[in-house]
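In: take a look and give me a structure for this.
(chains A and B)
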Amino acid sequence: MNAAIRCELRVARCGFKKIMMKLSKLIFCGVTFVIVFMSLLPFIWFVNTSLKTQAEVTAIPPTLAPSGSLHFYHSAIVKYDLLHYVKNSAIVAGATTFITLFISILSAYVLARLRLKYKGLIMGSLLLVSMFPQISIAGPVWKIMQSLGWLNSYQGLIIPYVTLTLPLGVWILTIFFKELPKELEDAARIDGCNRIQTLYKIVVPLAAPGIFTAAILVFIYAWNEFFFALLIMTQRKFQTLPIGIALFQGQYTLPWGEIAAASTVATVPLVLLVFLFQKRIVRGLSAGAVKG
Amino acid sequence: MAGLKITTLKKSFGRNTILQNISFEVSDGEFCILLGPSGCGKTTILRIIAGLDQCDKGEIFIGDREVSNLTPKERDVAMVFQNYALYPHMNVYENMAFSLKIKKLSKTKIDKKVRKAAKLLDIEDLLDRKPRELSGGQRQRVAIGRAIVRNPRIFLFDEPLSNLDARLRSTMRVELARLHQKLGTTMVYVTHDQVEAMTLGDKIVLLDKGVIQQIGPPQKLYKSPSNLFVATFIGGPQINLIEGVLDADKNKFLFRAGSLIIDLSSRSGLKKYLGLKVTIGIRPESLMPADGPFLGSLEVVEHIGSETILYVKTVNGRIIAKASPIFQRKTGDKISLALRTPDVHLFYKGIRI
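Out: Coordinates of the predicted model:
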């Protein structure tokens, strides 16, 4: 009799556990969905708006489903010269990424491999520099660029961006390089490589996930940056995409559709990049967390 | 091919002295083993020979050329690492061809050399595979192959078999010996495994705490250890050591340790040690179960197939002896051990008399 009751109790406990597990899964999924939806809402909203017609944008009550018109894209490209801003952003972000990575790879290799006396201090200073609020350095940066005559020039924006993104690149790559077995570099030196050959033939290919992560993060920063771009690029010729889009708005006009289309054009490449290389980025960011 | 000569090598890391006054020579085509416990400095010597580390003092000659200040590239040596150090992003062929590409050899020459080495090591089928797709033994072969293709003046091996299981290790040991016979190149091989050292080496350089303890052929180190460290490090099971006093009785030299008395009359030059504390060392195979001076009880009996190892508890401590594989007695039985040969090593203050 007792055994039967105990058995029933066990079954009931098992059932309760299963229900609790399902419930916690459900809550987890629900919370994740809400967070993702809230993050994606602005993106969904402007993609949706960009595919509407002028009438649909201003309709009251607002229309939820767009008619799929590409009118605003056409208008943004032709009327507002969107591709000009895309080109400027590509030049600035591309050059920033390339220069930052080049310097980061060399410095990170030195920090990871050579016996330096104040390595900790250097790494700490890098971290400290990266924490400076932009506004605190805006004045000096503007003054330096003005004295160099680099206001309204690509280098005028690229150099501050490189300075601001270097700590990130150096940190990510130092961690990555430290993880690579030293014997591989020893083997390369025995095989006849000098230090530089060892770096670009052995170390860099092996640290590809880290380099890729750094590249994506630096590129995203340079592509999205608004404050310095607004400060340094006052002429339309050199303005980047975020400034260009912000200036679509005239004194009496607010071209929602064109702004939405341009924002989509500005965002989609980044989203695609991150989606395509998601695994590599996660691997790059979590390097050093667990023993490989 | 070339010989190797090292003179008065010194190396410190900060305040820690790693190597003190290391000097030895390896003849052209010789297989030299650097043997010693972990942390004795053997790998550091190898790295200094390779040019991966710089010595604080001393000279290294490869052939007639002094190489102490040359880069690894200029020394023309090849090294096989403990963890293989194969380039993970290259396949086997590319790994083996890498050094030749750096040398800017033509593609045809590279191909010929790589395929020849691959054939020698029986890894022709693996050329397209990445290192992660290989077993430990295969990786080791590739690492050796990478060294062979360069046709170096000296091969350096840094504990190349320590990551392999026991069976594979013995197979690779034989292959390495075969390879050395075939290539005839000078080889310097670092290990802490005395079986590898005894079976592979023409010469052993035995180190402890950065100091050379003895240099010589394996049998010399085994049969005439120059000090207590060499005596205990070489040989398994370990040599039996008993402390006692050297005594004389009617023209006879006797070793006394409590009730144990061993006649050492056959030895010469013992007069100056009379009355002094000495240590005798007896290899387990020099003792056998028979009427003799060692009395005790069997503590452990290990039947290992080809022979039986006896651990005997005596008043002079634990004594290890070897018996035939058909030895029948059990743990706890009383036993007497006799000296099979007059092969007794004698040490005074740790140094061989």
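In: switch to C-alpha atoms for all contacts and neighbour counts from now on
Out: Noted.
In: I'd guess B:L337 is in a strand, am I close?
Out: Yes: secondary structure assignment places B:L337 in a strand (DSSP: H, G, I helix; E, B strand; the rest coil).
In: SS state for the residue lying closest to it once chain neighbours are set aside?
Out: Sequence neighbours aside, B:P289 is the residue nearest to B:L337 in space, at 4.5 Å (criterion: C-alpha to C-alpha, 6 or more residues apart in numbering or on different chains). Following three-state DSSP, the label given to B:P289 is strand.
In: surely B:P289 is in contact with B:K334?
Out: No: with contact defined as C-alpha atoms under 8 Å, B:P289 and B:K334 do not form a contacting pair (10.6 Å).
In: more neighbours: which of these two?
Out: B:P289 (19 against 14; other C-alpha atoms under 10 Å in any protein chain shown).
In: ok, now which ones touch that one?
Out: Counting by C-alpha atoms under 8 Å, 6 or more residues apart in numbering or on different chains, B:P289 makes contact with B:A321, B:A323, B:I335, B:S336, B:L337, B:A338.
In: and B:V211, by the same measure?
Out: Contacts of B:V211 (C-alpha under 8 Å, 6+ apart): B:L19, B:Q20, B:N21, B:I22, B:C40.
In: assumed A:V203 was part of a helix.
Out: Yes: counting by three-state DSSP, A:V203 is part of a helix.
In: list just the nearest of the contacts of B:V211 to A:A207.
Out: B:C40 (33.6 Å; C-alpha to C-alpha).
In: so what pLDDT did the closest one get?
Out: With respect to pLDDT, B:C40 scores 93.
In: could you do A:L285 as well?
Out: For A:L285, the model assigns a pLDDT of 60.
In: what do you get for B:P237?
Out: 91.
In: any idea whether it is helix, strand or coil?
Out: B:P237 ends up coil, using three-state DSSP.
In: quick check: the residue nearest to it when sequence neighbours are not counted vs B:F347, distance?
Out: Closest residue in space to B:P237, ignoring its immediate chain neighbours: B:P284 at 6.9 Å, by C-alpha to C-alpha, 6+ apart. Counting by C-alpha to C-alpha, to the nearest Å, the gap from B:P284 to B:F347 is 17 Å.
In: what do you get for B:G292?
Out: 22 Å.
In: these two - which one has more neighbours?
Out: Using other C-alpha under 10 Å as the criterion, B:G292 and B:F347 rank with B:F347 on top: 21 against 17.
In: identify the bridge partners of the more buried one.
Out: For B:F347, the beta-bridge partners are B:T279, B:R352 (DSSP bridges).
In: ditto for B:L4
Out: Counting by DSSP bridges, B:L4 is bridged to B:V26, B:I62.
In: OK, contacts around it?
Out: By C-alpha under 8 Å, 6+ apart, the contact list for B:L4 reads B:E25, B:V26, B:S27, B:D28, B:I60, B:F61, B:I62, B:G63.
In: what does B:L310 give?
Out: B:L298, B:E299, B:V300, B:V301, B:E302, B:I320, B:A321, B:K322, B:A323.
In: could you rerun that using 7 Å?
Out: By C-alpha atoms under 7 Å, 6 or more residues apart in numbering or on different chains, the contact list for B:L310 reads B:L298, B:V300, B:V301, B:E302, B:I320, B:A321, B:K322.
In: quick one: the last one is in a helix?
Out: This means B:K322. No: under the criterion used here (three-state DSSP), B:K322 is strand, not part of a helix.
In: was I right about it contacting B:P284?
Out: Yes: using C-alpha atoms under 7 Å, B:K322 is in contact with B:P284, at 5.5 Å.
In: show me the longest helix that occurs in the chain.
Out: Here I'm looking at chain A. If you go by DSSP state H, chain A has its longest helix at helix A:2-50.
In: my bad, the chain I had in mind was chain B
Out: helix B:166-183.
In: name the surrounding residues that touch that one.
Out: The contact list for helix B:166-183 (C-alpha under 7 Å, 6+ apart) reads B:G137, B:L161, B:L200.
In: please redo it, this time with the cut-off set to 10 Å
Out: B:1, B:29-31, B:120-121, B:136-137, B:140-141, B:144, B:148, B:151, B:155, B:160-164, B:184-187, B:195-196, B:199-201 (C-alpha atoms under 10 Å, 6 or more residues apart in numbering or on different chains).
In: tell me who's in contact with the residue nearest to B:P237.
Out: B:235-240, B:309-311, B:319-323, B:339-340.
In: just B:Y222 next, same as before
Out: So B:Y222 contacts B:M198, B:G216, B:V230, B:A231, B:T232, B:F233, B:I234, B:G235, B:R283 (C-alpha under 10 Å, 6+ apart).
In: got the domain boundaries for the chain?
Out: I went with chain A, as the question did not name one. A:2-50, A:79-285 (automatic domain parsing).
In: wrong one, I was asking about chain B
Out: According to automatic domain parsing, the domains of chain B span B:4-233, B:240-352.
In: so of these, which one's packed in deepest?
Out: Across the domains of chain B, averaging neighbours per residue (mean count of other C-alpha atoms under 10 Å in any protein chain shown) puts domain B:4-233 on top, at a mean of 19.
In: please state the offset of that domain from the chain centre?
Out: Average the C-alpha atoms of domain B:4-233, do the same for its chain, and the two points are 13 Å apart (C-alpha atoms, centre = their mean, to the nearest Å).
In: just stretch A:143-157 next, same as before
Out: On C-alpha atoms, centre = their mean, the centre of stretch A:143-157 falls 25 Å from the chain's centre.
In: before we move on, the earlier item: let me see the backbone angles for the residue nearest to B:P237.
Out: phi -50, psi -30 (degrees, to the nearest 10).
In: same check on B:G29?
Out: phi 90, psi 0.
In: not counting its neighbours along the chain, what's nearest it?
Out: B:T186 (4.0 Å).
In: for residue 108, what is the enclosing helix or strand?
Out: This is for chain A. For A:A108, the element it lies in under DSSP states H and E is helix A:82-113.
In: try again with chain B
Out: Using DSSP H and E, the element containing B:T108 is helix B:107-120.
In: ok, now B:F327?
Out: Assigned by DSSP H and E, B:F327 falls outside every helix and strand.
In: swap in B:S23?
Out: Here B:S23 is assigned to strand B:16-26, by DSSP H and E.
In: where do the helices sit along the stretch 1-150 of chain B?
Out: Assigned by DSSP state H, counting those that start in this stretch, the helices in the stretch 1-150 of chain B fall at B:42-50, B:72-75, B:92-102, B:107-120, B:136-148.
In: and the fourth one, what does it pack onto?
Out: With contacts defined as 3 or more C-alpha pairs under 10 Å, 6 or more residues apart in numbering or on different chains; DSSP states H and E, the packing partners of helix B:107-120 are helix B:92-102, helix B:136-148.
In: ok, of those helices, where does mean pLDDT dip lowest?
Out: Of all these, the minimum mean pLDDT falls on helix B:136-148 (a mean of 92).
In: after that helix, which helix or strand is next?
Out: strand B:154-158.
In: could you check the angle that following strand makes with helix B:42-50?
Out: Counting by axes from the mean of the first three to the mean of the last three C-alpha atoms, to 10 degrees, strand B:154-158 lies at 150 degrees to helix B:42-50.
In: which helices and strands does strand B:154-158 pack with?
Out: Against strand B:154-158 (3+ C-alpha pairs under 10 Å, 6+ apart) you get strand B:31-35, helix B:42-50, strand B:77-80, helix B:136-148, strand B:186-191.
In: who does it pair up with?
Out: strand B:77-80 (parallel), strand B:186-191 (parallel).
In: go through these and name the closest to A:I60.
Out: Minimum separation from A:I60 across the strands paired with strand B:154-158 (C-alpha to C-alpha) falls at strand B:77-80, 76.7 Å.
In: hmm, who's touching the closest one?
Out: Contacts of strand B:77-80 (C-alpha under 10 Å, 6+ apart): A:186-187, A:190-192, B:1, B:46-47, B:49-51, B:62, B:72, B:86, B:99, B:140-160, B:187-189.
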